[in-house]
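**Q** have a look; sequence and predicted model below, questions after that.
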Amino acid sequence: MANFGGHAIPGTFFLFYGFWLVVKHNIQHYWRTRQPKGRQVTPPFFKKMEYFEGGLQIFASFVGIMVEQFVVDGPHARLYNREETSWVKLMNWQHSTMYLFFGISGIAMIACALSKNVPAGVDRLTISLALFVEGFLFYFHVHGRKPLDAHIHTLLLVAVFGGSASSMLEVFVSNNFILELTRAGLFILQGSWFYQIGFVLYPLNGDVWDLELHDNLMFVTMCFCWHLAVALLLVASTSSTVWLTMTRCSKKGRDIEIGMRDASSKSSIQKGLLEQSDEE
């Protein structure tokens, strides 16, 4: 949609999804580093996380498509108007197509978790394809627009194509913690930048930006770098929080296990002494 809400909806999804990836991959990496060599049995909890992530993608994609198609001024599933001989709301159709491929990615993720017959890496391949389609659509989305409008959308392509490339690398290099966090950070960057696009093109306070002023292009470019720095900071702080939480939980679990072992050993010693006294 050509308004602030049309950019806030995907921005919110990408922000939430990026934070979810940071938490998920930190938990998985913590578990992998604590496993003995040669023993890599996937716990059932990890499959539940895949189901949740895939279901989230499908749900968010469905909601996005419905919003784009059936808002008051939407195309209402009409692609071409024969009476006026013109296309109907192609911008909404482009956004719907973007959501469609993220829904396909969610289906592939659930299929990979459900069946071992699905080749490994299909889930990462489809998310890479979804990001590529998003970038491909946005690349031809801004032709003929004013300089600032085109430039602020072009900067988004850095995060989109970067995420697509890192996801494609994960197809061939699985369980690489750096690549996983890179993809998560680029999703966070993409989400925050969607909000920035909305604030620039559809300001809530009514102060309209000059879309042809070169200084505004310079500021927006610098602002993108700030968004990148904030995304890195958020990934680092979230990872640290998850890591500390997992470490404390594992220590408490070990203390409980040791206490149970000590209690059982003491009870066995007492039982042996009682049996010995009965024999005497």
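**A** Cool, the structure landed. Numbers count the residues shown, from 1 in each chain.

**Q** quick check: closest non-adjacent residue to residue 17.
**A** residue 187 (5.4 Å; Cβ to Cβ, 6 or more residues apart in numbering). The C-beta positions use only the backbone N, C-alpha and C, and glycine is treated the same way.

**Q** typo on my end, residue 32
**A** residue 175 (6.6 Å).

**Q** rewinding a little: show me the contacts for the residue nearest to residue 17.
**A** With contact set as Cβ atoms under 8 Å, 6 or more residues apart in numbering, residue 187 has these partners: 14-15, 17-18, 21, 163.

**Q** just the element for it, please.
**A** helix 177-201 (DSSP states H and E).

**Q** what of residue 51?
**A** Secondary structure from DSSP H and E places residue 51 in helix 44-70.

**Q** how far does that helix sit from the chain's center?
**A** 11 Å (Cα atoms, centre = their mean, to the nearest Å).

**Q** now stretch 164-174
**A** Worked out by Cα atoms, centre = their mean, stretch 164-174 lies 14 Å from the chain centre.

**Q** neighbouring contacts of that stretch?
**A** Here stretch 164-174 has contacts from 120-121, 124-125, 127-129, 131-132, 135, 176, 179-180, 182-183, 186, using Cβ under 8 Å, 6+ apart.

**Q** if you set the cut-off to 7 Å instead, what comes out?
**A** 120-121, 124-125, 127-128, 131-132, 135, 176, 179-180, 182-183, 186 (Cβ atoms under 7 Å, 6 or more residues apart in numbering).

**Q** what do you get for stretch 112-123?
**A** Stretch 112-123 is contacted by residues 47, 50-51, 108-109, 111, 171, 174 when judged by Cβ under 7 Å, 6+ apart.

**Q** please repeat the previous calculation with a cut-off of 8 Å.
**A** Applying Cβ under 8 Å, 6+ apart, the contact partners of stretch 112-123 are 47, 50-51, 54, 105, 108-109, 111, 170-172, 174.

**Q** ok, those vs residue 151, which is closest?
**A** Of all those, residue 151 sits closest to residue 105, with 28.5 Å by Cβ to Cβ.

**Q** which non-adjacent residue is nearest that closest one?
**A** Nearest residue to residue 105 in three dimensions, chain neighbours excluded: residue 126, at 4.1 Å (Cβ to Cβ, 6+ apart).

**Q** show me just the buried residues among the contacts of stretch 164-174.
**A** 121, 124-125, 127-128, 131-132, 135, 179-180, 182-183, 186 (16 or more other Cβ atoms under 10 Å).

**Q** quick one, strands of the stretch 1-150 of the chain?
**A** 80-81, 86-87 (DSSP state E, counting those that start in this stretch).

**Q** so what strands line up beside the first one?
**A** What it means is strand 80-81. strand 86-87 (antiparallel) (DSSP bridges).

**Q** and the partner strand, how far out from the chain middle?
**A** Relative to its chain's centre, strand 86-87 lies at 34 Å (Cα atoms, centre = their mean).

**Q** any residues touching that strand, and which ones?
**A** Here strand 86-87 has contacts from 79-81, 93, using Cβ under 8 Å, 6+ apart.

**Q** just to revisit the earlier point, least confident of the contacts of stretch 164-174?
**A** Lowest pLDDT within the contacts of stretch 164-174 is found at residue 120 (87).

**Q** okay, now the unreliable bits of this protein?
**A** 1-2, 37-41, 253-280 (pLDDT under 70).

**Q** helices of that one, start to end?
**A** All helices of the chain, identified by DSSP state H, fall at 4-33, 44-70, 90-114, 122-139, 147-172, 177-201, 214-279.

**Q** number of residues surrounding the nearest residue to residue 149 once chain neighbours are set aside?
**A** Leaving aside its chain neighbours, residue 149 sits nearest to residue 211 (5.5 Å; criterion: Cβ to Cβ, 6+ apart). Other residues near residue 211 come to 17 when the count uses other Cβ atoms under 10 Å.

**Q** kindly report the same for the one 5 residues further on.
**A** Here the count is done by other Cβ under 10 Å, and residue 216 has 17 residues near it.

**Q** 23 is where my numbering starts, stick with that
**A** Right, with 23 as the first residue, what we last looked at is residue 238.

**Q** okay, it and residue 232: tell me how far apart.
**A** Distance, residue 238 to residue 232, using Cβ to Cβ, to the nearest Å: 6 Å.

**Q** give me the common contacts of these two.
**A** residue 170.
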